[in-house]
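>>> Have a look; sequence and predicted model below, questions after that.
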There are 2 protein chains.
Amino acid sequence: MSKQMVEKITNMDADFAQWYTDVVTKAELIDYSSVRGSMIIRPYGYAIWENIKAALDEEIKRTGHENVYMPLLIPESLLQKEKDHIEGFAPEVAWVTHGGDEKLAERLCIRPTSEVLFAEHYKNIIHSYRDLPKLYNQWANVVRWEKTTRPFLRTLEFLWQEGHTCHETEEEADAETTQMLGIYADICERVLAIPVVKGRKTEKEKFAGAKYTYTIESLMHDGKALQSGTSHNLGTGFAETFGIEFLNRTGKLQPVHQTSWGFTTRIIGAMIMVHGDDKGLVLPPAIAPIQVLIVPIAQHKEGVLDAAYALRNSLKTSVRINIDASDKKPGWKFNESEMKGIPIRLEIGPKDIENQQVVLVRRDTGEKICVQNHEIDKRIQSLLQEIQQSIFAKALEHRVNNTNVAFNMGDFKEQLLDGGGFIKAMWCGAQTCEDLIKEQTQATARCIPFEEEAVSDACVYCGKAAEELVYWAKAY
Amino acid sequence: MSKQMVEKITNMDADFAQWYTDVVTKAELIDYSSVRGSMIIRPYGYAIWENIKAALDEEIKRTGHENVYMPLLIPESLLQKEKDHIEGFAPEVAWVTHGGDEKLAERLCIRPTSEVLFAEHYKNIIHSYRDLPKLYNQWANVVRWEKTTRPFLRTLEFLWQEGHTCHETEEEADAETTQMLGIYADICERVLAIPVVKGRKTEKEKFAGAKYTYTIESLMHDGKALQSGTSHNLGTGFAETFGIEFLNRTGKLQPVHQTSWGFTTRIIGAMIMVHGDDKGLVLPPAIAPIQVLIVPIAQHKEGVLDAAYALRNSLKTSVRINIDASDKKPGWKFNESEMKGIPIRLEIGPKDIENQQVVLVRRDTGEKICVQNHEIDKRIQSLLQEIQQSIFAKALEHRVNNTNVAFNMGDFKEQLLDGGGFIKAMWCGAQTCEDLIKEQTQATARCIPFEEEAVSDACVYCGKAAEELVYWAKAY
Ligand SMILES: [Zn+2]
Ligand SMILES: [Zn+2]
């Protein structure tokens, strides 16, 4: 950064959308480019994604999945094979019509998701129950032609992993769908410190072509929800359309049972909006590219920089640590490390050296802690864990405080006006009620939670017999 | 695999192209899809790429580079800004003309490489010498509209990393270009066991828009060369076109000096064609997804499978090890592990258990080695190193034996007929000679080697005063 001052960002309660834009640009997570709706993920943003990816990839492999890579481009005729699927995706795909100077005989779309490519491949390689299960995953970029876009949250192109599996039985596919949603929830809660509600999507909101969709939903600081990961049981729909059949244990041909599941760079947007504050980002220690930043105080004085570098060298095997030895003022460095959400700032100056101590400053609370030299390593480790737990607890408290029950549409609308949040309300199961709620309030059915509950007997909209409790919210 | 026999592959000396196709499909590295010219990289192939990527990414980061992610799509007007660059790439880009149902006001191409995107971003973020150097890299997919394609070697879409850097001075950019070529050579030789010749491309063969291009060239089993990695010094060309200027230490505005460099999934093709044999793949231990495969002998006998699993468990922290406990015959398992190029096969049967030993079989030489139980771990470690060195030595010997000097076009053509290989021949520096050699022989100037040599005073084509020695070859 060549600028001499950290620029102020918009107050989050004054204008949350502007606050978000300020944070993603001023913390140097992204830059815009001349490609409408796409973003450049800068080193600091990409390092966060690499850490998330590493944590998730480990879980994906631990549970027996294998990584593969499918083509970027899908022929139109292949995409059109599955009727529900094409209806869901056709309006938002980018079409390649020319290769060099030559007009193509058939248009190709840039993958919005890869079910049809996996289906075609699975048909080739699956013949017998001995070939099952097939547990594949790919890390890839996908493109969806969105009208309005925002960095991480909704972009023409985004990065994700998409898992695609084939199973012998319905039960196995069910178990896989549940397992992968559980892994997403674990990554969100344990690694990103984002509490989630697990549940099932309504028919209206499920994935195009799926039997059912499971989802994890999280709540942002501004009271809007964000879908944070989805796991779909595809049933035998794609298998029947594409002819993915196998000889089962009794010698009969039958279609495979499939799942697919995805987790995207969107989650970085969620992490920003769940933990951030008016000073900028607050990063969970588990994925922070820099966990500790050393800021030397009075660094021109003899011994200060030497002590700072010695400390960095002694700690660098146990923690991701950097030192800011630039000629900027300490105040500037404090502000910048706060903007970038670095969990711990470590201050060391002449007096600290004399007293054989350093000062640790927590990004999340601002708390200052004097630590004797011989305890630094241990204290940093425990503090990183404390911060990780503490920001999770704070986010959970926010969600609990912003989850309310509505018994009628009056309650429902009032709560939306009063800060939003999740609204728990009963539903009769009719799509007309779901449609009308959305039309009147802009809130959508986020999920039918796994942890079943009944808060009343009547649909919040029509008053008829309620079938299920739904979490409703305005959403990103 | 559901088949009961490992299928025979074509003899490599009978039909090398068919042998290659057989190996990539039967070793289950790739599958074809309905997307012309694209390939599906299957789990075994992708695991190889992940290992190569991890080794290279470590070097890229160790030398101070940061990973970023740029958009997939480039507006036509942006691509056209740099004249040489667009001339080089326009004939081979894929054009997106529609988003959903809507015709775009401006066509977008799928990136064939990302110089122009980096240039645009660098213009935004570089203002002063304090902002330099910028050392960025990205791992990405790119598309080039090739007419004829072959798995890994030439595909419409491929995976790669592309580094893009900006520097204060010409010297720094030179040093960076050299450093990155050195890293590519190290990855090829140390990790992939592929010996390379380092050198400079001729003006005709250099990257579109570069000041000069460095390359590493390797020699395949069939005597054809393969460009295995390139590093370009872009000079100030892109910087001048895009206005990437900075205030230098004397307070004057000047353009940055840039480099770019790339390494692709093509290298997997090279690895196959350098080390493979009539039984299939031969993988360098450093990147083999499975380094040791345990094949139990007479596995129905009591204690055999237990011993095999116990061995796997005791070794799995020090080596990538699998066990084939399927009901296929040992002979089938031997063939399959050879096809897949697994460096070491470990056989364990009732007699071995009695004698407290196992049998190790080298994939590269077929050599069988009896090893006492207490020495297994140590022996496997040393054997993996021996194999790594031995296949490198073998490949180097092949290159040395297939590198010949030509003093005139008679020699030149004769050597091409007699097995091909590298032809070292002097060149006057005129592009007409280079063009005519290519026209008459299909051989191209692979590089002007860093290790200078003069084998004669006269250009091999025109007989005029020679300027440089060139490595010529037919190439993939
Ligand atoms: Zn209702
Ligand atoms: Zn000449």
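Sure, I can see it. Ligands and ions are numbered 1, 2, ... in the order given.

>>> give the contact list for the residue in the stretch 351-476 of chain A that ligand 2 sits nearest to.
Closest approach between the stretch 351-476 of chain A and ligand 2, counting by C-beta to the ion: A:Y476, at 65.0 Å. (Each C-beta comes from the backbone N, C-alpha and C, glycine too.) Listed by C-beta atoms under 8 Å, 6 or more residues apart in numbering or on different chains, the contact set of A:Y476 reads A:153-154, A:220, A:224-227, A:269, A:273.

>>> Return the distance of the closest residue to it other than its chain neighbours relative to A:A286.
Distances taken as C-beta to C-beta, 6 or more residues apart in numbering or on different chains put A:L226 closest to A:Y476, at 4.6 Å, once the chain neighbours are dropped. Separation of A:L226 from A:A286 (C-beta to C-beta, to the nearest Å): 19 Å.

>>> Who has more neighbours out of the two?
Shown here are A:L226 and A:A286; by other C-beta atoms under 10 Å in any protein chain shown, A:L226 has more neighbours (22 against 19).

>>> Quick check: the more buried one touching A:M273?
Yes: with contacts counted by C-beta atoms under 8 Å, A:L226 reaches A:M273, the gap being 7.2 Å.

>>> hey, what's in contact with both of these two?
A:220, A:476.

>>> which residues sit in contact with the spatially closest residue to A:F152 that is not a sequence neighbour?
Spatial nearest neighbour of A:F152, excluding adjacent residues (C-beta to C-beta, 6+ apart): A:G269 at 3.5 Å. By C-beta under 8 Å, 6+ apart, the contact list for A:G269 reads A:20, A:150-153, A:226, A:476.

>>> got TSV for the residues you listed, with pLDDT and secondary structure too?
Putting the contacts of A:G269 into TSV (pLDDT from 0 to 100; DSSP: H, G, I helix; E, B strand; the rest coil) gives the following:
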residue	pLDDT	secondary structure
A:Y20	98	helix
A:R150	96	strand
A:P151	97	coil
A:F152	97	coil
A:L153	97	coil
A:L226	98	strand
A:Y476	96	coil
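
>>> Buried among these? Make that a PyMOL selection.
Filtering these down to the buried ones (16 or more other C-beta atoms under 10 Å in any protein chain shown) takes a single PyMOL command:
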select buried, chain A and resi 20+150+151+152+153+226+476
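
>>> could the contacts of A:G269 be laid out in CSV, adding distance to A:G419?
Formatted as CSV, these follow (distance: C-beta to C-beta, whole Å):
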residue, distance to A:G419
A:Y20, 17
A:R150, 21
A:P151, 24
A:F152, 23
A:L153, 20
A:L226, 16
A:Y476, 16
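
>>> where exactly do the helices run in chain A?
A:16-26, A:43-62, A:76-79, A:83-89, A:115-125, A:170-186, A:237-242, A:266-275, A:304-315, A:330-339, A:350-354, A:376-401, A:409-417, A:431-441 (DSSP state H).

>>> ok, the nearest residue to A:Y122 once chain neighbours are set aside - how many residues close by?
Using C-beta to C-beta, 6+ apart and skipping the chain neighbours, the partner closest in space to A:Y122 is A:I244 (4.7 Å). A:I244 is flanked by 24 other residues according to other C-beta under 10 Å.

>>> Any buried residues in stretch A:262-281, and which?
A:262-277, A:279-281.

>>> cool, and stretch A:106-115?
Applying 16+ other C-beta under 10 Å to stretch A:106-115 flags A:107-115 as buried.

>>> Look up the closest residue to A:K198, ignoring the ones flanking it.
Per C-beta to C-beta, 6+ apart, closest to A:K198 is A:F450, 4.9 Å.

>>> give me the number of residues near the closest residue to ligand 1 within the stretch 101-250 of chain A?
For the stretch 101-250 of chain A, the residue closest to ligand 1 is A:T202, as judged by C-beta to the ion, at 12.0 Å. Using other C-beta under 10 Å, the number of residues around A:T202 comes to 20.

>>> can you pull the contacts of the spatially closest residue to it that is not a sequence neighbour?
For A:T202, ignoring the flanking residues on the chain, the nearest one in space by C-beta to C-beta, 6+ apart is A:A445 at 4.6 Å. The contact partners of A:A445, by C-beta under 8 Å, 6+ apart, come to A:201-202, A:204-205, A:427, A:434, A:437, A:470-472.

>>> Okay, strands next: where are they in the stretch 101-250 of chain A?
Using DSSP state E, counting those that start in this stretch, the strands of the stretch 101-250 of chain A run over residues A:102-110, A:134-143, A:157-167, A:197-200, A:212-219, A:225-235, A:245-247.

>>> what comes up buried for the last one?
Read that as strand A:245-247. Applying 16+ other C-beta under 10 Å to strand A:245-247 flags A:245-246 as buried.

>>> Report the distance from that strand to the chain centre.
Its chain's C-alpha centre and that of strand A:245-247 lie 36 Å apart, by C-alpha atoms, centre = their mean, to the nearest Å.

>>> does any bit of it sit next to chain B?
No: Strand A:245-247 lies out of reach of chain B by C-beta under 8 Å from any C-beta of the partner chain, never closer than 9.0 Å.

>>> Just list what that strand packs against, helices and strands only.
Other helices and strands packing on strand A:245-247, by 3 or more C-beta pairs under 8 Å, 6 or more residues apart in numbering or on different chains; DSSP states H and E, are strand A:253-255.

>>> just the third one next, same as before
Secondary structure elements in contact with strand A:157-167, counted by 3+ C-beta pairs under 8 Å, 6+ apart, are helix A:43-62, helix A:115-125, strand A:134-143, helix A:170-186, strand A:257-264.

>>> how close does A:M70 sit to A:T265?
From A:M70 across to A:T265, the span is 19 Å (C-beta to C-beta).

>>> Could you list the buried residues of stretch A:31-38?
A:31, A:33, A:35-38.

>>> For the nearest residue to A:D457 once chain neighbours are set aside, what are phi and psi?
Leaving aside its chain neighbours, A:D457 sits nearest to A:A466 (5.8 Å; criterion: C-beta to C-beta, 6+ apart). With angles defined as degrees, to the nearest 10, A:A466 shows backbone torsions of phi -90, psi 140.

>>> Contacts only, for A:A466.
Taking C-beta under 8 Å, 6+ apart, one finds A:426-428, A:454, A:456-460 in contact with A:A466.

>>> Can you tell me which of those residues end up in strands?
Within these, residues falling in strands by DSSP state E are A:426-427.

>>> Make TSV from the contacts of A:A466 and add pLDDT and distance to B:S314 to it.
Formatted as TSV, these follow (pLDDT from 0 to 100; distance: C-beta to C-beta, whole Å):
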residue	pLDDT	distance to B:S314
A:M426	97	57
A:W427	98	56
A:C428	97	60
A:A454	90	54
A:S456	94	60
A:D457	95	61
A:A458	97	63
A:C459	98	61
A:V460	97	61
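
>>> From the contacts of A:A466, list the buried ones, please.
Among those, those classed as buried by 16+ other C-beta under 10 Å are A:426-428, A:458-460.

>>> what two of these are the furthest from one another?
By the measure C-beta to C-beta, A:W427 and A:A458 form the most distant pair in the buried ones among the contacts of A:A466, at 9.9 Å.

>>> So what touches the lowest-mean-pLDDT helix or strand in chain A?
When each helix and strand of chain A is scored by mean pLDDT, DSSP states H and E, helix A:83-89 comes last, with a mean of 80. The contact list for helix A:83-89 (C-beta under 8 Å, 6+ apart) reads A:79-80, A:112-113, A:115-116, A:144, A:207-209, A:237-238.

>>> Return the distance of it from the chain's centre.
Here the centre of helix A:83-89 is set off from its chain's centre by 24 Å, with C-alpha atoms, centre = their mean.

>>> just stretch A:198-218 next, same as before
In this view, stretch A:198-218 has its centroid 16 Å away from the chain centroid, taken as C-alpha atoms, centre = their mean.

>>> again with stretch A:301-315
Here stretch A:301-315 is found 37 Å from its chain centre; the criterion is C-alpha atoms, centre = their mean.

>>> Any chance you could list what contacts it?
Outside stretch A:301-315, the residues within contact range by C-beta under 8 Å, 6+ apart are A:292, A:294, A:296-299, A:321-323, A:325, A:346, A:348-350, A:353, A:358, A:376-377, A:380.

>>> Cool, thanks, signing off.
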